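S.K.: How does the following fold in three dimensions:
(chains A and B)
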Number of protein chains: 2
Amino acid sequence: MRGKPLAAIVSAGMSRFGVLEGRYSREIFSEAAREAFEGCPNLDPKSDIQGVFVGQMAGESFEHQGHWGPVLADWAGLLPAPATRFETACASSASAMRSAIFSLRSGMYDVVLAGGVEKMTNRTTEEVTEFLGFGADHPFETFQGLTFPGLYALMANAHIHRYGTTEEQMAMVAVKSHRYGALNPKAHFQREITLEKALSSRVVAWPLKLYDCCPISDGAACLVLTRPELARRYTDVPVYIVGSGHASDSIALHEREELTSLKAARLAAAEAYEMSGVEPGDIDVAEVHDCFTIAELIAYEDLDFCARGEGGLMIEEGRTEMAGEIPVNISGGLKSKGHPVGATGAAQTYEIFRQLRGEAGESQVEDAEVGLTHSVGGSGATAVINIYGRG
Amino acid sequence: MRGKPLAAIVSAGMSRFGVLEGRYSREIFSEAAREAFEGCPNLDPKSDIQGVFVGQMAGESFEHQGHWGPVLADWAGLLPAPATRFETACASSASAMRSAIFSLRSGMYDVVLAGGVEKMTNRTTEEVTEFLGFGADHPFETFQGLTFPGLYALMANAHIHRYGTTEEQMAMVAVKSHRYGALNPKAHFQREITLEKALSSRVVAWPLKLYDCCPISDGAACLVLTRPELARRYTDVPVYIVGSGHASDSIALHEREELTSLKAARLAAAEAYEMSGVEPGDIDVAEVHDCFTIAELIAYEDLDFCARGEGGLMIEEGRTEMAGEIPVNISGGLKSKGHPVGATGAAQTYEIFRQLRGEAGESQVEDAEVGLTHSVGGSGATAVINIYGRG
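M.R.: Numbering: from 1, shown residues only, chains lettered A, B, ... in the order given. So this is what the prediction gives:
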């Protein structure tokens, strides 16, 4: 680890992901907050937590509700703590975490709550597709009929044409995600699937089939963060954020330099690696943003887990399995754990927190000491990457 | 000034406010960014600006567009700078500024752009009323039929009953705002009104009449911020942020301790005064969140410009006029300058920046050395208050 860590995570909470019938975002978020607070007996949430940073993507459309900072702070019992809502599409709670880190390093706050939530399953698939489309370019993409499966299908096709990536390799990502999702009691889907089942599922946007796409889920996750020097007040096993990167790219695909890599993710990864002194080969466990299976393969390449164009080979060779060289998405990933968009960044960190503390139960990766989260907003206009180390 | 300033503002830009027919948020924001960049010849925006912090309240509904960080960074020519969107209802760009301050104090960024934008006039009044309602509580308020004029009317009635505040005193706020808006070439409304006209306008939600309510506007504003020690690289006349406060309250009125004061604003003001060492009597010029005339009277009291219940007297005695003891909303305020909700916090700071640099032209307050901005989200669930000093 290079220099002083940016922040310490001292507790974490996550709701069940899935179809949480009849519950508002505020109720789901309070479930995650409760777990985080109960897991940290030395914390007095109301008096200790000085700032609340929450990601929520499209609650105005899903629930007719905005102004999420105070709503969620209230339901977590934290008023009058200053509370702010962040939106960077599917990376919203990763962005909330980044400003939480800024606030701690600024010296203006000592202890903060960062997290996110989304309630999605109360809407029709058509509505959800429309609302998720806010993360793409309206005049140049969604207004023209492009949807998120369509955008990622363009990337998948480019990857196939450029590198020879196959439909089977993409389906293997889904099979892996479901294998580990089956071990995660909070995952949306907790059952394994076969390669045949994935490959024979109906086409959503060629070459992406149903099992290449993450589901529509409800859920929340959150973290209690503090300045590194205060971490031991709250836990004997803090997890440190030792590097953080964030970059942006054009929201519309047609303005990008290429379709087979996310430039923002490459830049954010370079920043996080440089800041932490960690190299790709040092990563023991990673959670990456597999909103579609092709996105996981591109993530392997953008994170330098393998060379460009070798993402397909990497999954085929089992190198990202639990016993492989870099276990990826052992939580089940967005594909099987679920993807309540505003919660996902924080939920990725929740998994790494448990892995590095050795609390991941059946899903535990052996000797996990260095972790990474890779959060993507939209089709890659936002990327936030964090690297974590054990206390 | 107590201790080291939090940050320095070295340039600022603001679009025309009003009905900007046929222009998207991204285009309006780029107009504000251009002014900020042209006003700072030593700044190379693309290479110097390391982070972009933008407020946008409800663009998903107004323009079918979210993920505003990268969109606005792109149109300001700042990619691949990390860009984040903030939403705290009508205080969104004030919240963006607050995280921008954190980022500078964290030492992770040296120069950042903070601002906001909203495009509203492309929708019907009914739609705008619905979308603004996202800032209130859906299950307990807007779903029951309450609108923002209705919420502030409840506060106005409480103030009338408790303190004897009059309809005339509220109307005087509108008359003052229009008097100064007439001097502001960027204001939505640039004409004076009479007390009779304000009092005889149609009732929107009793006791609030048309002229007690701010208009629906399009507009953008932004600021270039840097660490205090770097300010002189960019300008000879920096304006320093010397105190900042932020607090939250219940989003629903029925959960509040009282209706005649915004607790979040009182807490945020206390924090900003304490941090800066500035006292209310030291303020030379202030911009307060007058979404409705009653809100300005309550702001006088919450900021300790006068005692509780004396807001009405304060406007009646002319103490917040340009030549009065604390000139307030010399820009025209939300009432006359306009209120493109995502832009307002940054636009308030734009005005204070110009006032403290002596660049406010016809609107210049004499010897303005200490300024204050008071930004409110929704009906008061968010308050962000900043105090500024001349370099």
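
S.K.: In contact with A:R232, which residues?
M.R.: A:P238 (Cβ atoms under 8 Å, 6 or more residues apart in numbering or on different chains). Glycine gets a C-beta too; all of them are placed from N, C-alpha and C.

S.K.: pLDDT at it, what is it?
M.R.: What the model reports as pLDDT for A:R232 is 97.

S.K.: Chain A: strands as residue ranges?
M.R.: For chain A, the strands defined by DSSP state E cover A:7-14, A:51-55, A:83-87, A:111-118, A:203-205, A:208-209, A:219-226, A:239-248, A:285-287, A:370-377, A:382-390.

S.K.: Stretch A:275-295 and chain B, are they touching?
M.R.: No: interface with chain B: stretch A:275-295 contributes nothing (Cβ under 8 Å from any Cβ of the partner chain), its closest point being 9.0 Å away.

S.K.: And the residue of chain A most remote from its centre, how close does it get to chain B?
M.R.: Relative to the centre of chain A, the most outlying C-alpha is that of A:S47, 29.0 Å out, by Cα atoms, centre = their mean. Distance, A:S47 to chain B, using Cβ to the nearest Cβ, to the nearest Å: 15 Å.

S.K.: Kindly report the same for A:V10.
M.R.: 19 Å.

S.K.: Can you name the residues that contact that residue?
M.R.: A:40, A:43, A:224-226, A:231, A:234-235, A:238.

S.K.: cool, and A:I326?
M.R.: A:280, A:283-286, A:305, A:319-320.

S.K.: Go again with 10 Å.
M.R.: Neighbour list for A:I326: A:280-286, A:288, A:300, A:303, A:305-306, A:314, A:319-320, A:365, A:372 [criterion: Cβ atoms under 10 Å, 6 or more residues apart in numbering or on different chains].

S.K.: mind listing the helices for chain A?
M.R.: A:25-38, A:45-48, A:59-63, A:68-75, A:92-105, A:125-132, A:148-163, A:167-181, A:195-199, A:263-276, A:293-302, A:311-316, A:333-337, A:344-356 (DSSP state H).

S.K.: what's the most buried one of the ones you listed?
M.R.: The highest mean neighbour count among these, using mean count of other Cβ atoms under 10 Å in any protein chain shown, belongs to helix A:333-337: a mean of 32.

S.K.: ok so, going back, could you check how far the residue farthest from the centre of chain A is from A:A81?
M.R.: 10 Å (Cβ to Cβ, to the nearest Å).

S.K.: Can you check which residues contact both of those two?
M.R.: Common neighbours of A:S47 and A:A81 (Cβ under 10 Å, 6+ apart) are A:V111.

S.K.: For the stretch 251-391 of chain A, which residues are neighbours of chain B?
M.R.: Residues of the stretch 251-391 of chain A lying close to chain B (Cβ under 10 Å from any Cβ of the partner chain) are A:251-252, A:255, A:263-264, A:266-268, A:271, A:275, A:377-384.

S.K.: how about the strands of chain A, which one is nearest B:T88?
M.R.: Among these, strand A:83-87 comes nearest to B:T88, with 5.9 Å by Cβ to Cβ.

S.K.: Could you check the angle the closest one makes with strand B:239-248?
M.R.: Orientation of strand A:83-87 against strand B:239-248 (axes from the mean of the first three to the mean of the last three Cα atoms, to 10 degrees) gives an angle of 100 degrees.

S.K.: need the contact list for the residue nearest in space to the middle of chain A.
M.R.: Residue closest to the average C-alpha location in chain A (Cα atoms, centre = their mean): A:G345, at 3.2 Å. By Cβ under 10 Å, 6+ apart, A:G345 lies in contact with A:55, A:86, A:88, A:90-98, A:114-116, A:221, A:287, A:289, A:373-377, A:384, A:386.

S.K.: tell me the contacts of the residue nearest to A:K337 when sequence neighbours are not counted?
M.R.: In this structure, A:K337 finds its nearest non-sequential neighbour in A:A187, 4.3 Å apart by Cβ to Cβ, 6 or more residues apart in numbering or on different chains. Contact analysis of A:A187 by Cβ under 10 Å, 6+ apart lists A:16-18, A:177-178, A:180-181, A:217, A:219, A:331-333, A:335-338, A:363.

S.K.: mind giving me the domain split of chain A?
M.R.: Listed domain ranges for chain A are A:7-123+A:217-239, A:146-214+A:240-390 (source: automatic domain parsing).

S.K.: tell me how far the ends of the longest one are from each other?
M.R.: Read that as domain A:146-214+A:240-390. Terminal residues of domain A:146-214+A:240-390 are spaced 42 Å apart (Cα to Cα, to the nearest Å).

S.K.: now swap in stretch A:185-203 and tell me
M.R.: Using Cα to Cα, first and last residues of stretch A:185-203 are 29 Å apart.

S.K.: Could you pull up the mean pLDDT of that stretch?
M.R.: 98.

S.K.: Pull the distance from that stretch to the chain's centre.
M.R.: 20 Å (Cα atoms, centre = their mean, to the nearest Å).

S.K.: Alpha carbons only: can I get stretch A:128-143 in PDB?
M.R.: Presented in PDB, the C-alpha positions along stretch A:128-143 are these (Å, rounded to 0.1, in the frame of the first residue of the first chain):
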ATOM      1  CA  VAL A 128     -38.000   0.300 -16.600                       C
ATOM      2  CA  THR A 129     -36.300   0.200 -20.000                       C
ATOM      3  CA  GLU A 130     -37.400   3.800 -20.500                       C
ATOM      4  CA  PHE A 131     -36.200   5.000 -17.100                       C
ATOM      5  CA  LEU A 132     -32.800   3.200 -17.400                       C
ATOM      6  CA  GLY A 133     -32.500   5.000 -20.700                       C
ATOM      7  CA  PHE A 134     -32.000   8.300 -18.800                       C
ATOM      8  CA  GLY A 135     -28.400   7.000 -18.400                       C
ATOM      9  CA  ALA A 136     -27.800   7.100 -22.100                       C
ATOM     10  CA  ASP A 137     -28.000  10.100 -24.500                       C
ATOM     11  CA  HIS A 138     -31.600  11.200 -25.100                       C
ATOM     12  CA  PRO A 139     -31.300  13.100 -28.400                       C
ATOM     13  CA  PHE A 140     -28.700  10.900 -30.000                       C
ATOM     14  CA  GLU A 141     -29.600   7.400 -28.600                       C
ATOM     15  CA  THR A 142     -32.800   6.700 -26.700                       C
ATOM     16  CA  PHE A 143     -34.900   9.100 -28.700                       C
END
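
S.K.: Show the average pLDDT along it.
M.R.: 98.

S.K.: quick check, it touching chain B?
M.R.: Yes: using Cβ under 10 Å from any Cβ, we find that stretch A:128-143 touches chain B at A:130-139, A:142-143.

S.K.: closest to chain B among those?
M.R.: A:F134 (3.3 Å; Cβ to the nearest Cβ).

S.K.: Quick check: phi and psi at the closest residue to the closest one other than its chain neighbours.
M.R.: Among residues not flanking A:F134 along the chain, B:G66 sits closest, at 3.3 Å (Cβ to Cβ, 6+ apart). In terms of degrees, to the nearest 10, the main-chain angles of B:G66 are phi -120, psi -160.

S.K.: For the residue of the stretch 251-391 of chain A found nearest chain B, grab the count of nearby residues.
M.R.: Proximity of the stretch 251-391 of chain A to chain B (Cβ to the nearest Cβ) peaks at A:A381, 3.8 Å away. By the criterion of other Cβ atoms under 10 Å in any protein chain shown, A:A381 has 34 neighbours.

S.K.: for the one 10 residues further on, same thing?
M.R.: For A:G391, the number of neighbouring residues by other Cβ under 10 Å comes to 17.

S.K.: ok, A:A36 - contacts?
M.R.: A:9-14, A:43, A:45, A:76, A:113, A:115, A:221-224, A:350, A:353.
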